[in-house]
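*Asks:* below: sequence and its predicted model.
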Amino acid sequence: MQKKQFTPKFLSCLGLGLLFTFGCSKEDLTPNESLNQRSANSAIDASVSTSVVREGNQYIIISATDALPADIEGKTKGANGKVTKLLSGVGIATATSDDPNFIAKASKISGVRSVIHDFTYQGYDPQEQNVEAANTNPPTSADNDPVFPIQWGHTAIQAPEAWLTGARGQNVRVAVLDGGFYLGHPDLVDNIEKSISFVPGQPAQFNRELARNRSTFSHGSHVAGTVAAVDNTNGGVGVAPKAKLVLVKVLGDAGSGAFSWIIAGIKYAADEQVDVINMSLGAQLPRNGKYMDNNGTPSDPSDDFLVKDSEVQKEVAELVEAINKVTTYAARKGVTLIAAAGNDGIDAKDQNATFVPADSKHVISISATAPYGLALNPNTNLDQVAPYSNYGSPAIDLAAPGGSAAHPSATSVFYKIGSAPVYAWDMVYSSGSPTGYNWAQGTSMASPHAAGVAALIISKNGGPMAPERVEAIMRASADDLGIPGRDDNYGHGRVNALRAVTSGSFAQAK
């Protein structure tokens, strides 16, 4: 018997967990719920954010242009602050200060558009259970990786057929912005080109001792494996198995992180001249609401939140602007940016909140699809809307396989390679353990499927492509599901790798 790792509660994408509640943990599902039903928990209060925290002495300085003011370090010091990072070309710097009047002082620096507090959020809470799966020989398939037969997402998007055209991700570099990674994982190590961490005090390598519940599950490794796990007769295979990975840690191993780390990670990846950035992370930021302060002390006994609407509204708007600045910078550098849409099961076009980075400029937002009872009916529809997935046009651009644990049956059944609960087989299987694999569900799992398709397109093109052209091909080649044309659930459709690489509409190299 070979032990497999299973995480039935792990719905969140990294960072998408910070969207106030999840409607699709196994415990929240009713026995008769189907994938076509939205969760009863989808009606959430967008006026309160309990997971996004304003940091008291950490700041983001935003320039009025893409250039930082001259001698910004000296001028910041004169305002009783210390610059911690300069993002040249984006017009952003980060700083620390213990002066409560730092914002007022630093805002007077000539050329500065705004100075705001940095914000942090709890992205996910790693949690896992074990499921025993029989170690059996897989049936004949188009690939000889042992768990390839249960990678239904590849089947849904016709990835194996795309590989037969010669497009396997060669000469393409994909940056994965996420939590920590198992850098020595046998399905990843040969494709990892670089790794870096923007989390102070934490290397890129995932450290289970830093995870609050000591989970061995690495969200970043799981996502990276879906993009580009090596085709090596070990475990699974990525959508673009010959793409190279640049792994960028922007959230800590306990699942929390600062937006300044994400901004720095995007800037780094763009400067590294990657072709694609995958961001299986994000936050829902209420435009008008209350946020916790980093000391967690309420402003008065009758209120659970410290930072009032009048104080934070402008800061949130400027935070969105800062993220837009760096995603625009990356797009100008020729990077295709892809992000998870979120796991709240709510209408993402809600004007009361902004979803970042999914709603950010030049970012392709991905919703999630899944089968329902695949192990009981191998011919079941693989493209049902996952109940947790955010939706709403024009917020959703495309859909991709994200998996779901919505099926009520926990009965262990044999399916192709082993035995596991019925609902487990509807989830996405990838390289989430030190040398092993995990099931997971979420738009975090959908986003890397789409990023892999983008890598296949660029690979088929034979060289770098303008991101707007990559997106145009992804849209035109997607399978139009649901209501004809662009719709709330699938956007322009569920990505199709084969149609994408055989469309005959590739752009000239940028």
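*Replies:* Yep, it's here.
*Asks:* just give me the residue closest to the centre of the protein.
*Replies:* Centroid-nearest residue in the chain: residue 280, 0.6 Å away (criterion: CA atoms, centre = their mean).
*Asks:* what's the closest non-adjacent residue to it?
*Replies:* Distances taken as CB to CB, 6 or more residues apart in numbering place residue 444 nearest to residue 280, at 3.6 Å, with adjacent residues excluded. No exception for glycine: its C-beta is placed from N, CA and C like everyone else's.
*Asks:* immediately after the helix or strand encompassing that neighbour, which helix or strand?
*Replies:* For residue 444, the host element (DSSP states H and E) is helix 443-461. Of the helices and strands lying after helix 443-461 in sequence (DSSP H and E), the nearest is helix 467-477.
*Asks:* between that next one and helix 443-461, how many degrees?
*Replies:* Angle, helix 467-477 to helix 443-461, by axes from the mean of the first three to the mean of the last three CA atoms, to 10 degrees: 100 degrees.
*Asks:* list the helices and strands the next helix or strand after helix 467-477 packs on?
*Replies:* Of the helices and strands lying after helix 467-477 in sequence (DSSP H and E), the nearest is helix 497-501. Counting contacts by 3 or more CB pairs under 8 Å, 6 or more residues apart in numbering; DSSP states H and E, helix 497-501 is packed against helix 159-163, helix 443-461, helix 467-477.
*Asks:* okay, residue 431 and residue 461: tell me how far apart.
*Replies:* Distance of residue 431 to residue 461, computed by CB to CB, to the nearest Å: 27 Å.
*Asks:* so for the two, which residue has more residues nearby?
*Replies:* It is residue 431, of residue 431 and residue 461, that has more neighbours when counted by other CB atoms under 10 Å, with 29 against 21.
*Asks:* verify the stated contact: the more buried one with residue 184.
*Replies:* No - counting by CB atoms under 8 Å, residue 184 is not a contact partner of residue 431; they are 11.1 Å apart.
*Asks:* which residues do the two both contact?
*Replies:* Taking CB atoms under 8 Å, 6 or more residues apart in numbering as the contact rule, residue 431 and residue 184 touch no residue in common.
*Asks:* flag the shaky bits of the stretch 1-150 of the chain, pLDDT-wise.
*Replies:* Low-confidence segments of the stretch 1-150 of the chain, defined by pLDDT under 70: 1-50, 123-143.
*Asks:* mind listing the strands for it?
*Replies:* 2-6, 48-63, 82-87, 92-96, 112-122, 129-133 (DSSP state E, counting those that start in this stretch).
*Asks:* ok, now the stretch 301-450 of the chain?
*Replies:* 336-340, 353-356, 363-370, 384-385, 398-401, 412-415, 418-421, 428-430, 438-440.
*Asks:* what would those strands look like in CSV with distance to residue 87?
*Replies:* Converted to CSV, these look like this (distance: least, CB to CB, whole Å):
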stretch, distance to residue 87
strand 336-340, 16
strand 353-356, 17
strand 363-370, 18
strand 384-385, 38
strand 398-401, 29
strand 412-415, 48
strand 418-421, 45
strand 428-430, 32
strand 438-440, 32
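*Asks:* re earlier: pLDDT at the residue nearest to the centre of the chain, what is it?
*Replies:* Listed pLDDT for residue 280 reads 95.
*Asks:* tally of neighbours for the residue nearest to residue 280?
*Replies:* By the measure other CB under 10 Å, the count of residues near residue 444 is 39.
*Asks:* will you turn the strands of the stretch 1-150 of the chain into a markdown table that also has distance to residue 502?
*Replies:* Output for the strands of the stretch 1-150 of the chain, formatted as a markdown table (distance: least, CB to CB, whole Å):
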| stretch | distance to residue 502 |
| --- | --- |
| strand 2-6 | 35 |
| strand 48-63 | 43 |
| strand 82-87 | 39 |
| strand 92-96 | 41 |
| strand 112-122 | 41 |
| strand 129-133 | 35 |
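*Asks:* any chance of those strands in TSV, plus distance to residue 491 and mean neighbour count?
*Replies:* Formatted as TSV, the strands of the stretch 1-150 of the chain follow (distance: least, CB to CB, whole Å; neighbours: other CB atoms under 10 Å):
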stretch	distance to residue 491	mean neighbour count
strand 2-6	30	19
strand 48-63	26	21
strand 82-87	31	17
strand 92-96	30	23
strand 112-122	25	22
strand 129-133	33	16
